[in-house]
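**Q** quick one: sequence and predicted model below, then my questions.
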Amino acid sequence: MGLLTGKTALITGAARGIGKAIALRFAAEGANIAFTDLAVNEETQAEIAALGVQAKSYASNAADFAETEEIVKQVKEDFGAIDILVNNAGITKDGLMLRMTEQQWDAVIGVNLKSAFNFIHAVVPVMMRQRGGSIINMASVVGVHGNAGQANYAASKAGMIALAKSIAQEMGPKGIRANAIAPGFIETAMTAALPEAVREEWKKKIPLRRGGTPEDVADVALFLASDLSSYVSGQVIQIDGGMNM
């Protein structure tokens, strides 16, 4: 028996990177996986299903409220329940404030923050009827500490933290927990594209002297999704190797 046997998890933006790592980790612990991305990804779906669980990929514009309602309705019909929601969908459109366009701001807030509202709004009624559930918002250390050149991204991630705390207060009496994860420097395709000198300078600021892995994040997500954290709600866990204390 795995930690999530019999549970169904809905993970947004999970075709690759951190989202995919979370999906695979949950599946290894017995969870059935519904995951979204801009397009159906049969390759990731097959990887998850190979672990012996039910898996289905859905094409979704997470920033679209009406579309999200339909996706959640379909997931409920396909899987019968939604026990875990991971709001992982996200983009970056960096730039200094004086040069940032309205489109850059709106796009990041829409995909990162509004999508979390959309999915929580649609999933909470399902979890209320089930008398329980775990919601995990994938934030960032820049949502806690800010970052020059990322005002839009930082604001969206700070919003996801506040959203998780608010939902934890509202839905706690219904047995629904909500928490946020704030990753730091994680080794992904996005950070791999940075110049080596930049990567090495960043690592010098980290007490553990290395970047994190998607699997490091997935392990913490597993903790928050499972009954191991049954009395943990409204919290922000930074996964940053001690970079920000």
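**A** Thanks, I have the structure now.

**Q** can we go C-alpha only for contacts and neighbour counts from here?
**A** Noted.

**Q** go through the chain and flag its longest strand.
**A** Longest strand in the chain, counting residues (DSSP state E): strand 176-183.

**Q** so what's the gap between it and the chain middle?
**A** 9 Å (C-alpha atoms, centre = their mean, to the nearest Å).

**Q** alpha carbons of that strand, in PDB - could you do that?
**A** Only the C-alpha atoms of strand 176-183 are listed here, as PDB (Å, rounded to 0.1, in the frame of the first residue of the first chain):
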ATOM      1  CA  ILE A 176      -9.800  20.500   3.300                       C
ATOM      2  CA  ARG A 177      -6.100  21.500   3.800                       C
ATOM      3  CA  ALA A 178      -4.300  24.100   1.700                       C
ATOM      4  CA  ASN A 179      -0.500  24.700   1.600                       C
ATOM      5  CA  ALA A 180       2.100  26.300  -0.600                       C
ATOM      6  CA  ILE A 181       5.500  25.100  -1.800                       C
ATOM      7  CA  ALA A 182       8.100  27.700  -2.500                       C
ATOM      8  CA  PRO A 183      11.000  26.200  -4.600                       C
END
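
**Q** what's that strand in contact with?
**A** 127-128, 131-141, 143-144, 160-161, 164-165, 167-168, 171, 217, 220-221, 224, 232-240 (C-alpha atoms under 8 Å, 6 or more residues apart in numbering).

**Q** can you name the element that comes right after that strand?
**A** Going down the chain from strand 176-183, the next helix or strand is helix 189-192, by DSSP states H and E.

**Q** avg pLDDT for that following helix?
**A** Averaged across helix 189-192, the pLDDT comes to 76.

**Q** report the buried residues of it.
**A** Of all the residues in helix 189-192, not one is buried under the rule 16 or more other C-alpha atoms under 10 Å.

**Q** how far off centre is that helix?
**A** Relative to its chain's centre, helix 189-192 lies at 18 Å (C-alpha atoms, centre = their mean).

**Q** let me know the outermost residue of this protein.
**A** Outermost residue of the chain with respect to the C-alpha centroid, by C-alpha atoms, centre = their mean, is Leu98; its distance is 29.5 Å.

**Q** tell me the SS of that one?
**A** Under DSSP: H, G, I helix; E, B strand; the rest coil, Leu98 falls in the coil class.
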